[in-house]
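>>> Just the structure for this:
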Amino acid sequence: MTKTILVVDDDQSINSIFEFVLQQAGYYTITTTSGQECIDIIKSDQPVDLVFLDLKMPGISGIDTFKEIQKMRPMLLVIMMTGYSVDELLRDAFELGAYGVIYKPFDVEEVLSVIEKIFRLPALT
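This next block holds a predicted model:
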């Protein structure tokens, strides 16, 4: 069964890169540019197996979006993405239960390696 990965970043070029790379690797991708759209997708009960979530976005921040995801689907794994040095925000994300962090610009092989490791976890098979 194909895994679905939701990518949330206000930079459409990041979403496009993720979409291309992940689809080439055999994953189904959903991309959005806002925290609210992410929340709406999760609320819709659309199947999502993993979320890559930008930490700093206009409107609803990545942290606030993550809090909403946790309320709706506490077992859904979320990997935060950031291009900034935001130690305090990252600490908050990990305290809330974020699985990991990817720093932009990201390495494609690193991202794919992280995804493979996640989907090999017993609870996610």
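>>> Which secondary structure elements does the worst-scoring helix or strand of the chain on mean pLDDT sit against?
Ranked by mean pLDDT, DSSP states H and E, the weakest helix or strand in the chain is helix 87-96, scoring a mean of 77. Here helix 87-96 touches helix 62-72, strand 77-82, going by 3 or more C-beta pairs under 8 Å, 6 or more residues apart in numbering; DSSP states H and E. Backbone N, C-alpha and C define where each C-beta goes, glycine included.
>>> Check which helices and strands the first one sits against.
I take that to be helix 62-72. So helix 62-72, by 3+ C-beta pairs under 8 Å, 6+ apart, packs with helix 35-43, strand 50-54, strand 77-82, helix 87-96.
>>> gap between the first one and the chain center?
Spelled out, it's helix 35-43. Put simply, helix 35-43 sits 12 Å off its chain's centre (C-alpha atoms, centre = their mean, to the nearest Å).
>>> tell me the mean pLDDT for that helix?
For helix 35-43, mean pLDDT rounds to 97.
>>> Export only the CA atoms of that helix, formatted as PDB.
Provided in PDB are the C-alpha atoms of helix 35-43 (Å, rounded to 0.1, in the frame of the first residue of the first chain):
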ATOM      1  CA  GLY A  35      -1.300  25.600   8.600                       C
ATOM      2  CA  GLN A  36      -5.100  26.000   8.300                       C
ATOM      3  CA  GLU A  37      -5.200  23.900   5.100                       C
ATOM      4  CA  CYS A  38      -3.100  21.300   6.800                       C
ATOM      5  CA  ILE A  39      -5.600  21.200   9.700                       C
ATOM      6  CA  ASP A  40      -8.500  21.000   7.200                       C
ATOM      7  CA  ILE A  41      -6.900  18.000   5.500                       C
ATOM      8  CA  ILE A  42      -6.300  16.200   8.800                       C
ATOM      9  CA  LYS A  43      -9.900  17.000   9.900                       C
END
